[in-house]
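**Q** here is the input, now give the coordinates:
(one chain, ligands or ions: 1)
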Amino acid sequence: MSSIDSVLKETRLFPPSDDFRTKANVSGMEGYHTLCEKANSDYQGFWGDLARELVSWRKPFTKVLDESNAPFFKWFEDGEMNVSYNCLDRHLESKANKVAIIFEADDGSVSRVTYRELYHRVCQFANGLKSLGVVKGDRVVIYMPHTVEAVIAMQACARIGAIHSVVFGGFSAGALRDRIQDATAKIVITANESVRGGKATPLKAMTDEALGIGNCESVEKVIVFQRTGTKPDHWSESNNVWWHQLVKGLPDICEPEWMNAEDPLFVLYTSGSTGKPKGIQHSSAGYFLGTQVSMKWVFDYKEDDVYWCTADVGWITGHSYIAYGPLGIGATQVIFEGVPTYPDAGRFWAMIEKHQVTTFYTAPTAIRSLIKLGGDLPKQYDLSSLRLLGTVGEPINPDAWMWYHEVIGGGRCPIVDTWWQTETGSNMVAPLPGAVATKPGSCTLPLPGIMTAIVDESGAPIEPGKGGSLVITRPFPSLVRTIYNDAARFKSTYFPDEFNGKYYLAGDSAHYDEHGYIWIMGRIDDVLNVSGHRLGTMEIESALAANPLVAEAAVVGRPHEIKGESVVAFVVLKGDRPEGEEGKLIAKQLREWVAHEIGKIAQPDEIRFGDNLPKTRSGKIMRRLLRNIAKGEEITQDISTLENPAILEQLRHSAL
Ligand code: WTA
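**A** A predicted model of the protein is given here:
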């Protein structure tokens with residue numbers, strides 16, 4: 001992977017073709033600037049107009065933004081609407097027979113669901129939830145395979161005003177339990193199994209395990225979608241109900257619950273700099289508006305598009321750009337259950353050809369691994385249906401960008417490199433493809449109405465070329481409203497006192513280049529980005545420390561060619577430091593332990609054992625030094641404040 005240095009020197013510019021620009025929803029830089037000027041001169045008018053244009057209201061709002069209780073901002077607060085109504089009912093008149101979802105299962109079988117069918121299935125399942133006593137404001141945890149039913153479950157919650165909290169199907173029972181507990185969920189929706197890459201994972205058994213670990217008394221029922229023929233080992237007649245039996249005979253019409261604009265739509269847990277994941281709570285109207293604005297401007301949505309976002313609904317990208325964004329705007333989208341490498345590394349390209357995909361949105365880590373596994377494979381497929389490509393989740397290195405541009409996009413498709421976060425709900429910095437010329441590796445310019453700045457520690461703007469902290473200086477509709485159950489943490493994490501509580505602190509470092517383009521350099525906190533997944537170093541450390549063998553652990557990231565970053569753990573055992581085969585065996589056990597506590601995605605790639613960790617005299621672990629050791633770098637900095645400098649030498653030679 002190219003280093004930051006080579007990224008800095010990137011000068012290639014790719015303006016949209018005349019053809020793309022002419023047809024684009026926002027055409028040319030004049031179009032972009034006109035929108036920005038309107039946002040600058042009349043911020044509330046700008047967002048108010050978009051909210052009237054892109055959201056269908058039951059009761060129109062009269063107020064746009066209330067900043068009186070900052071940073072607890074309110075948008076459109078006296079308006080009423082329902083997100084599911086906006087994704088389904090409002091399309092019934094003009095496009096009931098349009099395909100909403102083309103679902104391709106892991107084994108390649110394909111099914112299609114029209115907007116009318118989706119509407120009825122969501123309504124029926126919503127009635128199922130109601131029959132179990134779920135009411136507005138209740139929390140429902142969704143732990144599902146990436147299937148149409150996962151989207152139906154989310155939409156059904158939105159329809160009746162229940163707050164969903166989707167837990168990625170790759171998370172373990174322990175992680176699921178933590179989230180169920182924090183959300184005090186009433187219902188868990190799961191499946192007997194998920195299937196990915198030909199392998200089944202017993203989600204129902206893992207749910208049982210999560211509930212069995214304890215303190216999940218809030219859960220009244222577990223709804224089980226039957227994804228495969230396998231029977232779950234355990235079944236409780238009183239607490240478990242099959243999805244298909246729940247909905248049997250129920251009406252397929254369900255009046256939406258009219259929600260206040262500010263009523264929470266969902267909570268999604270994400271990693272931060274402590275051991276406890278944060279429940280990111282989003283609003284109904286503001287969040288939904290963010291998804292619609294970006295579908296229109298960034299994905300340049302057209303009625304005949306076949307749109308495909310490869311994320312899983314367990315992540316924010318799957319929420320905003322599968323479950324809500326494309327349905328809200330009435331798109332036809334592909335949902336793919338499986339993995340990009342099964343049955344071979346040509347799966348994505350085969351699917352683009354098969355479904356005539358026009359808009360393709362994926363993660364740099366997927367692109368890099370597919371280059372490595374089969375850079376020539378795309379040539380076997382006809383990818384001429386594509387007109388727009390996107391990336392999300394981490395910086396893309398220019399080499400991968402160029403391959404994506406040339407080999408996948410045939411040199412003709414703009415690439416929208418979209419920077420955003422679970423907390424921002426929708427794209428923040430990204431090229432509007434018919435306007436902004438792209439540069440490999442830069443997410444370019446903020447969307448109109450998104451006021452970004454790059455600042456130093458005191459909040460003062462930083463000159464181009466120098467790295468600083470990326471902040472957003474004005475509230476925007478799709479911004480996180482609070483951390484579930486922890487308003488104080490919300491305030492101190494995102495609106496810190498250093499910036500007088502005024503700026504939203506993204507937690508990324510970035511710099512401007514001479515064209516004012518933004519380059520994201522990485523996280524400034526203890527968050528790792530492994531294959532585009534956010535992981536807290538503290539979360540992995542606490543999982544390791546919970547193992548009976550472990551006295552102490554420190555986790556750092558190391559640059560990785562494909563995954564962006566990999567996880568390296570330094571571990572001190574309660575017993576003697578193991579070496580050789582014994583060390584390898586314990587390392588293997590600890591990796592399995594982390595997979596069990598959090599999930600496979602959090603497994604350390606490397607574990608090193610030491611008698612101790614490098615600490616300051618006040619007992620603080622010097623993670624910076626551990627990062628140097630993990631990368632095999634010389635330690636050049638001053639280590640005079642270290643309590644135990646000799647440990648560095650031991651750790652340096654501790655690779656197993
Ligand atoms: C990183 C994912 C560079 C960033 C939508 C951010 C990116 C974190 C990009 C959020 C991008 C996301 N270029 N870095 N285009 N997109 N990131 O919450 O560090 O899972 O803070 O949201 O991913 O990760 P999250």
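**Q** doesn't Ser109 make contact with Asp337?
**A** If you look again at residue 337, you'll see it is Glu, not Asp. No. Between Glu337 and Ser109 there is no contact under C-beta atoms under 8 Å: 9.7 Å. In this view, the C-beta of every residue, glycine as well, is placed from N, C-alpha and C.
**Q** who's more crowded, those two?
**A** Taking neighbours as other C-beta atoms under 10 Å, Glu337 and Ser109 compare with Glu337 leading, 21 against 9.
**Q** give me every residue in the stretch 301-450 of the chain lying close to the ligand.
**A** When proximity is defined as C-beta under 6 Å from any ligand atom, the stretch 301-450 of the chain approaches the ligand at 315-317, 392-395, 417-422, 443.
**Q** now, these that are in helices?
**A** Ile316, Thr317 (DSSP state H).
**Q** so which of the residues of the stretch 301-450 of the chain next to the ligand are in strands?
**A** Among these, the ones falling in strands (DSSP state E) are Val392, Asp417, Thr418.
**Q** tell me, how many residues neighbour the residue nearest to the second one when sequence neighbours are not counted?
**A** Pointing back at Asp417 there. Excluding its sequence neighbours, the residue lying closest to Asp417 (C-beta to C-beta, 6 or more residues apart in numbering) is Cys443, at 4.5 Å. The tally of other residues near Cys443 (other C-beta under 10 Å) stands at 26.
**Q** so Cys443 sits right up against Ile518, yeah?
**A** Yes. With contact defined as C-beta under 8 Å, Cys443 counts as touching Ile518 (5.8 Å).
**Q** now do the shared contacts for these two.
**A** By the contact definition C-beta atoms under 8 Å, 6 or more residues apart in numbering, Cys443 and Ile518 are jointly contacted by Trp419, Val429.
**Q** grab the nearest non-local neighbour of Leu132.
**A** Counting by C-beta to C-beta, 6+ apart, the residue nearest Leu132 is Lys221, at 5.3 Å.
**Q** is the residue of the stretch 551-656 of the chain found nearest the ligand in a bridge, and if so with what?
**A** In the stretch 551-656 of the chain, no residue comes nearer to the ligand than Gly564, which is 8.9 Å away by C-beta to the nearest ligand atom. Applying DSSP bridges to Gly564 gives these bridge partners: His560.
**Q** wait, it touches Leu535, no?
**A** No. When contacts are counted by C-beta under 8 Å, Gly564 is not listed as touching Leu535 (11.2 Å).
**Q** hey, what's in contact with both of these two?
**A** Common neighbours of Gly564 and Leu535, counting by C-beta under 8 Å, 6+ apart, are Asn529.
**Q** contact partners of the helix or strand containing Tyr287?
**A** Applying DSSP states H and E as the criterion places Tyr287 in helix 285-297. With C-beta under 8 Å, 6+ apart as the test, helix 285-297 has contacts from 25-26, 47, 50-51, 54-55, 61, 75-76, 79, 81, 83, 86, 261-262, 265, 301, 320-321, 324-326, 328-329, 331, 418, 424-427, 430, 432, 447-449, 476-479.
**Q** let's see 6 Å
**A** Helix 285-297 is contacted from outside by 25-26, 50-51, 54-55, 75-76, 81, 83, 261, 265, 301, 320, 324-325, 328-329, 425-427, 432, 477-478, using C-beta atoms under 6 Å, 6 or more residues apart in numbering.
**Q** could you do stretch 85-103 as well?
**A** Outside of stretch 85-103, the residues within contact range by C-beta under 6 Å, 6+ apart are 56, 111-116, 118-119, 148, 256, 327-328, 330, 332, 334-335, 355.
**Q** give the ChimeraX command for selecting the buried subset of those.
**A** Per 16 or more other C-beta atoms under 10 Å, the buried members of the contacts of stretch 85-103 correspond to this ChimeraX selection:
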select :113,114,115,116,118,119,148,256,327,328,330,332,334,335,355
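**Q** take the contacts of stretch 85-103 and keep only those in strands.
**A** Judged by DSSP E, strands contain the following of those: Ser111, Arg112, Val113, Thr114, Thr332, Val334, Ile335.
**Q** pLDDT value on the nearest residue to Glu220 once chain neighbours are set aside, please?
**A** Spatial nearest neighbour of Glu220, excluding adjacent residues (C-beta to C-beta, 6+ apart): Lys186 at 5.4 Å. On the pLDDT scale, Lys186 is placed at 98.
**Q** and the one 3 residues further on, by the same measure?
**A** According to the predicted model, the pLDDT of Ile189 comes to 98.
**Q** same check on Asp526?
**A** 85.
**Q** quick one: low-confidence ranges for the protein?
**A** 1-9 (pLDDT under 70).
**Q** which parts of it sit against the ligand?
**A** By the rule C-beta under 6 Å from any ligand atom, the part of the chain lying against the ligand is 270, 315-317, 392-395, 417-422, 443, 506-508, 520, 523, 529, 534.
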